[in-house]
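> Sharing a model prediction with you, sequence too.
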Amino acid sequence: MNIVHLKYAVEIEKTRSISKAAENLYMGQPNLSRAVKELEESLGITIFNRTSKGISITADGEEFLRYAKRIISQVDEMEELYRKGRVQARRFSLSAPRASYISAAFAAFASKLGVGEPADIYYKETNSMRTILNVVREEFDLGIVRYQEGFEQYFKNQFHDKKLVCETISEFSYCLLMSKNHPLAKKDQICPEDLAPYFEICHADPYVPNLPQIDVKKAELSEYVDKRINIFERASQFSLLEKIPNSFMWVSPLTDEMPEKYGLVQKKCNVNRRVYRDVLIYRQGYTLSDLDRAFIKALLEEKERIPNL
């Protein structure tokens with residue numbers, strides 16, 4: 001297997017036709033078919049199913065093609081990097097939970113980047129396990145992992161086994177976030193039964209170690225609520241809370257400016273006493289860059305702006 005074989009497979013996926021792919025690759029169809037068959041035999045999988053109506057991609061093929069496209073992209077990036085006369089771009093990459101204070105720190109960091117030098121900046125919001133994988137696979141240099149205090153030993157073992165450096169950034173309990181017009185907005189003490197009639201807005205891919213997905217809700221979501229709006233990104237959550245006055249969300253503490261901007265209120269609540277930690281991770285042997293250190297500085301400064309964080 002070599003990079004050429006990967007490009008062959010990706011082109012076939014793109015065109016969904018071996019004959020069309022061969023045409024685009026300026027080669028004969030028999031030669032392309034032979035090369036793909038040799039690739040499949042070397043891997044021990046079937047990438048494409050051939051039928052009278054064309055080709056389809058197998059489950060193994062979909063997984064293989066994801067890796068193939070990533071490898072091709074990295075090779076292209078490396079070739080571009082070392083082309084004569086090209087100025088090497090500064091790189092910063094962070095995989096993090098969907099947290100407003102982290103996003104605000106990233107914005108503050110990015111706003112100070114100079115425009116005179118090339119830079120490649122990557123910021124991905126996802127769950128804890130995906131963040132660990134992103135860093136271990138060297139797709140991202142920095143990660144921030146969020147977990148419940150009760151799962152600390154599990155994550156410490158993960159960091160040790162996967163040779164990751166870890167440093168606690170913050171420790172907190174979630175606050176309730178809701179519209180100023182929410183029926184509970186002015187109530188001092190909120191009980192679980194108070195939240196039951198309302199919609200909970202939550203991120204749909206929580207990760208809880210050693211638990212089947214059916215038990216994740218019990219460990220991470222509000223068990224007394226049966227109405228949820230599940231989202232996979234953070235951008236819409238404030239608008240949803242603002243536009244749906246009978247909704248609420250559990251969030252890490254915010255500065256006062258963010259709720260005010262969207263007509264929201266955040267409330268301390270004894271209903272949820274779970275303690276969470278946000279932990280910075282990176283690979284052992286990785287040397288923090290100037291951009292990494294600048295972001296960490298912005299992150300700690302943003303944390304200091306939030307009294308409960």
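Great, that's in hand. Numbers count the residues shown, from 1 in each chain.

> OK, contacts around the residue lying closest to Phe199 once chain neighbours are set aside?
Nearest non-adjacent residue to Phe199, counting by Cβ to Cβ, 6 or more residues apart in numbering: Ser247, 4.2 Å away. For glycine as for every other residue, the C-beta is placed from the backbone atoms N, C-alpha and C. Ser247 is in contact with 178-179, 182, 198-201, 229, 240-241, counting by Cβ atoms under 8 Å, 6 or more residues apart in numbering.

> Contact partners for the residue minimising distance to the centre of the chain?
Nearest residue to the geometric centre of the chain (Cα atoms, centre = their mean): Thr126, 2.3 Å. Residues counted as contacts of Thr126 (Cβ under 8 Å, 6+ apart) are 95-97, 134, 205.

> looking just at contacts, which helices and strands does the helix or strand that contains Leu300 meet?
Element membership for Leu300 (DSSP states H and E) is helix 290-304. Contact here means 3 or more Cβ pairs under 8 Å, 6 or more residues apart in numbering; DSSP states H and E; on that basis helix 290-304 packs against strand 90-96, helix 100-111, strand 164-172.

> Just the buried positions in that helix, please.
By 16 or more other Cβ atoms under 10 Å, the buried positions in helix 290-304 come out as 291-292, 294-296, 298-299, 302-303.

> What lies in contact with it?
Contacts of helix 290-304 (Cβ under 8 Å, 6+ apart): 90-92, 94, 101-102, 104-106, 108-109, 112-113, 119, 141-142, 169-170, 255, 280, 282, 288, 309.

> Return a PyMOL selection command for the buried portion of the residues you listed.
This is the PyMOL syntax for the buried subset of those, where burial follows 16+ other Cβ under 10 Å:
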select buried, resi 91+92+94+101+102+104+105+106+108+109+141+142+169+170+255+280+282+309
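
> What are the boundaries of the helices in this structure?
3-15, 18-24, 29-43, 59-81, 100-111, 128-136, 152-161, 192-195, 213-220, 237-243, 257-262, 290-304 (DSSP state H).

> mind checking which of the ones you listed is nearest Arg273?
Proximity to Arg273, assessed across these by Cβ to Cβ, is greatest for helix 192-195 (11.8 Å).

> Can you show me the CA trace of the closest one as CSV?
Taking C-alpha atoms only, helix 192-195 is exported to CSV below (Å, rounded to 0.1, in the frame of the first residue of the first chain):
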residue,chain,number,x,y,z
PRO,A,192,-35.9,18.9,40.8
GLU,A,193,-39.7,18.9,40.6
ASP,A,194,-39.6,22.6,39.6
LEU,A,195,-37.7,21.7,36.4
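
> circling back to that earlier point, quickly, which of the helices of the chain bottoms out on average pLDDT?
For the helices of the chain, mean pLDDT drops lowest on helix 213-220, to a mean of 54.

> tell me the contacts of Glu171?
Here Glu171 is in contact with 149, 275-278 (Cβ under 8 Å, 6+ apart).

> before we move on, what about Pro197?
Taking Cβ under 8 Å, 6+ apart, we find Pro197 in contact with Asn246.

> Let me see the confidence value for it.
At Pro197, pLDDT is 93.

> and if you look at Pro206?
69.

> Could you report the neighbour count for the nearest residue to Glu11 once chain neighbours are set aside?
Leaving out its chain neighbours, the residue that sits closest to Glu11 by Cβ to Cβ, 6+ apart is Ala21, at 4.4 Å. For Ala21, the neighbour count with other Cβ atoms under 10 Å is 24.

> Could you do Ile55 as well?
Neighbourhood size, Ile55 [other Cβ under 10 Å]: 18.

> what about it, distance to Lys20?
Computed as Cβ to Cβ, to the nearest Å, the Ile55 to Lys20 distance reads 10 Å.

> Also Arg305?
Taking Cβ to Cβ, one finds Arg305 at 56 Å from Lys20.

> cool, Gly116 as well?
44 Å.

> ditto for Lys7
Going from Lys7 to Lys20 by Cβ to Cβ gives 15 Å.

> Then Glu301?
54 Å.

> Make sure Tyr8 is actually in contact with Glu38.
No - between Tyr8 and Glu38 there is no contact under Cβ atoms under 8 Å: 10.2 Å.

> Those two - which one has more neighbours?
Tyr8 (23 against 12).

> Now that one: closest residue in space that isn't a chain neighbour?
Leaving aside its chain neighbours, Tyr8 sits nearest to Ala35 (5.5 Å; criterion: Cβ to Cβ, 6+ apart).

> Tell me who's in contact with that neighbour.
Counting by Cβ under 8 Å, 6+ apart, Ala35 has contacts 4-5, 8.

> go with 10 Å
4-5, 8-9, 22, 25, 27 (Cβ atoms under 10 Å, 6 or more residues apart in numbering).

> which one of those residues sits closest to Glu233?
Ala9 (30.6 Å).

> so how far is Cys175 from the nearest residue to Asn308 once chain neighbours are set aside?
Once flanking residues are discounted, Asn308 sits nearest to Pro253: 4.0 Å by Cβ to Cβ, 6+ apart. To Cys175, Pro253 is 5 Å away according to Cβ to Cβ.
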